[in-house]
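Participant: The following block contains a protein sequence and its predicted model.
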Amino acid sequence: MKTDPTSGKVCVAVAAETTTEAIRLAKTAEAEADVIEIRLDALHTPEVVPFIEAITAPLLFTNRAQWEGGSFSGSEEERLDFLYQAVASGAAFIDIELKTEAALQKELIKEAHNKNTQTIVSWHSFSSTPSMQALRSILQDQYKTGARIGKIITMATAPHDVLRVLNLLVEASELGFPLIAFCMGAPGIVSRVATTELGGYMTYAAADRSLGTAPGQLELHALKTIHRLMHGN
């Protein structure tokens, strides 16, 4: 059963070394996921079309650079070329990092919107959670890119880190800017569940417990069970 249409989405992140294995994992999650993220940077040979042809759920393509915590080590032009391929192939979403060079970012976002692909502009910290002032600045910078959706993910080391990040949902709502916001790490697990209850656009889950793409990521089955218990169904 997929997410209640009145609440946020659940995206299953798929990271595998081969296309065959990634498609297998995606298909196991297809029935319950609202969106499936394909981590192109995890593949030994990144490709887009086989996923478009094999998966019926809306697909989000991400090709995370090493400087943002991902695995892609080629040039920026090579990295973004795969996202252009995703746009041309009819992907539902692409993820583009806020730190991407501005001209390249602007051109890709424009092309994606011309092809009706939704754009997520993302920012991650795998070490800490910035101050409230710094988080607000990141949110404003994301809003100004013209992307359809923002994504701010930080590492939580204490409960107050989680509260600062979830507070961004109020400010994003006032801007009319859909936002994905939660924290990684053990203190951040609660935010992965709470964010969609507080107006967050989407949360992420792993197809399998051993295959999470970020610290603290819940398995899809566990996350869906919590949601069902919270909503009494």
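Facilitator: Nice, I can see it.
Participant: Let me see the ranges of the helices in the chain.
Facilitator: Assigned by DSSP state H, the chain shows helices spanning 19-29, 49-54, 76-88, 102-114, 132-144, 159-175, 189-194, 220-231.
Participant: mind checking which of those helices is nearest residue 206?
Facilitator: Distance to residue 206, taken as Cβ to Cβ, is lowest for helix 220-231 among the helices of the chain, at 6.6 Å. (Each C-beta comes from the backbone N, C-alpha and C, glycine too.)
Participant: could you check the angle helix 19-29 makes with the closest one?
Facilitator: Here helix 220-231 runs at an angle of 20 degrees relative to helix 19-29 (axes from the mean of the first three to the mean of the last three Cα atoms, to 10 degrees).
Participant: For helix 220-231, buried residues please.
Facilitator: 220, 223, 224, 227 (16 or more other Cβ atoms under 10 Å).
Participant: Please compute how far it lies from its chain's middle.
Facilitator: Averaging C-alpha positions (Cα atoms, centre = their mean, to the nearest Å) puts helix 220-231 19 Å from its chain's average.
Participant: Restricting to C-alpha, output it in PDB.
Facilitator: Presented in PDB, the C-alpha positions along helix 220-231 are these (Å, rounded to 0.1, in the frame of the first residue of the first chain):
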ATOM      1  CA  LEU A 220      10.900   0.300   3.800                       C
ATOM      2  CA  HIS A 221       8.900  -2.400   5.600                       C
ATOM      3  CA  ALA A 222       9.700  -0.900   9.000                       C
ATOM      4  CA  LEU A 223       8.900   2.600   7.900                       C
ATOM      5  CA  LYS A 224       5.600   1.600   6.400                       C
ATOM      6  CA  THR A 225       4.700  -0.400   9.500                       C
ATOM      7  CA  ILE A 226       5.300   2.700  11.700                       C
ATOM      8  CA  HIS A 227       3.100   4.800   9.300                       C
ATOM      9  CA  ARG A 228       0.300   2.200   9.500                       C
ATOM     10  CA  LEU A 229       0.400   2.100  13.300                       C
ATOM     11  CA  MET A 230       0.400   5.900  13.500                       C
ATOM     12  CA  HIS A 231      -2.700   6.100  11.200                       C
END
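Participant: helices or strands up against that helix?
Facilitator: Contacts defined by 3 or more Cβ pairs under 8 Å, 6 or more residues apart in numbering; DSSP states H and E place helix 220-231 against strand 9-14, helix 189-194, strand 202-206.
Participant: Determine the angle, from 0 to 180 degrees, between that helix and strand 9-14.
Facilitator: Per the same axes, to 10 degrees, the angle that helix 220-231 makes with strand 9-14 is 170 degrees.
Participant: Now do helix 220-231 against strand 202-206, angle only.
Facilitator: Helix 220-231 runs at 140 degrees relative to strand 202-206, counting by the same axes, to 10 degrees.
Participant: who are the neighbours in contact with residue 54?
Facilitator: Counting by Cβ atoms under 8 Å, 6 or more residues apart in numbering, residue 54 makes contact with 23, 26, 27.
Participant: Surely the second one and residue 51 touch.
Facilitator: Yes - contact between residue 26 and residue 51 holds when scored by Cβ atoms under 8 Å: they sit 7.0 Å apart.
Participant: who touches both of those two?
Facilitator: What both residue 26 and residue 51 touch, as defined by Cβ under 8 Å, 6+ apart, is the set residue 38.
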